[in-house]
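**Q** Kindly return the folded structure for what I paste below:
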Amino acid sequence: MADRKALEALFRERGYTEFKWIDSRTIVVSQWVRMKCQYGCDDYGRHACCPPNVPSVADCREFFSEYSAVVVFRFEKQVDSLEERRAWSRSVYEGLLELEREVFLSGYEKAFLLPMSSCSLCPECSGLREECSKPETARPTAEGLAVDVFSTVRRHGFPIEVLSRYDQPMNRYAFLLIE
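**A** Next up is the predicted model:
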């Protein structure tokens, strides 16, 4: 059982103030999300942590069933360009990786991060998991693991909308699985 008070103190100490604990059984895993990756995302097949280089949807469901506690972190931001969005996303990704490590070192050996954006740790991705140059820190997104982020966060009272332009205010979400 997670010591939520101690973990929440750690989150706040690291500057993460917008988060909620949720039950892993409330994570919505859907086949349509995987299809949207395959037929609608430029990263499909180009990143070692994106489909098709991730477990099947059935395996993803099983993976989530091995956890009880999940922390959803909300990040709100407005940027002017795709480049600014990518730089901000990378910075958040790196900070969350540090947080995942701290949680792990605090005794939560199953701590696992699902960042809010595709892995951007390397300037060029090999596109293959077995050729990944940073396998210890590369993580799939929630969407890559077939999580319907829209339905999941809405059921917990978080705002989220489809955006049509990069300069619109965004609500992005990362998930930290803890057992």
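
**Q** if you average pLDDT over the longest helix along the chain, what comes out?
**A** Using DSSP state H to define each element, the chain has its longest helix at helix 82-105. On average, the pLDDT along helix 82-105 is 94.

**Q** Show me which residues of it are buried.
**A** 85, 88-89, 92-93, 96-97, 99-100, 102-103 (16 or more other Cβ atoms under 10 Å). Glycine gets a C-beta too; all of them are placed from N, C-alpha and C.

**Q** cool, stretch 115-134 as well?
**A** For stretch 115-134, using 16+ other Cβ under 10 Å, the buried residues are 115-121, 125, 129, 132.

**Q** if we can go back for a sec, and the longest helix of the chain, how far from the chain's centre?
**A** Offset of helix 82-105 from its chain centre (Cα atoms, centre = their mean, to the nearest Å): 10 Å.

**Q** Same check on stretch 131-138?
**A** Taking Cα atoms, centre = their mean, one finds the center of stretch 131-138 at 16 Å from the center of the full chain.

**Q** Tell me which residues are up against that stretch.
**A** Identification of contacts with stretch 131-138 by Cβ atoms under 8 Å, 6 or more residues apart in numbering yields 48-49, 97, 119, 121-122, 125-126, 129.

**Q** now the end-to-end length of stretch 50-60.
**A** 13 Å (Cα to Cα, to the nearest Å).

**Q** Show residues contacting it.
**A** Applying Cβ under 8 Å, 6+ apart, the contact partners of stretch 50-60 are 29-31, 34, 37-38, 41, 43-45, 47, 63, 118-119, 127-129, 140-141, 144-147.

**Q** ok, Val70 - how many residues close by?
**A** Neighbours of Val70 under the rule other Cβ atoms under 10 Å: 24.

**Q** actually Ala48, not the one I wrote
**A** Neighbours of Ala48 using other Cβ under 10 Å come to 21.
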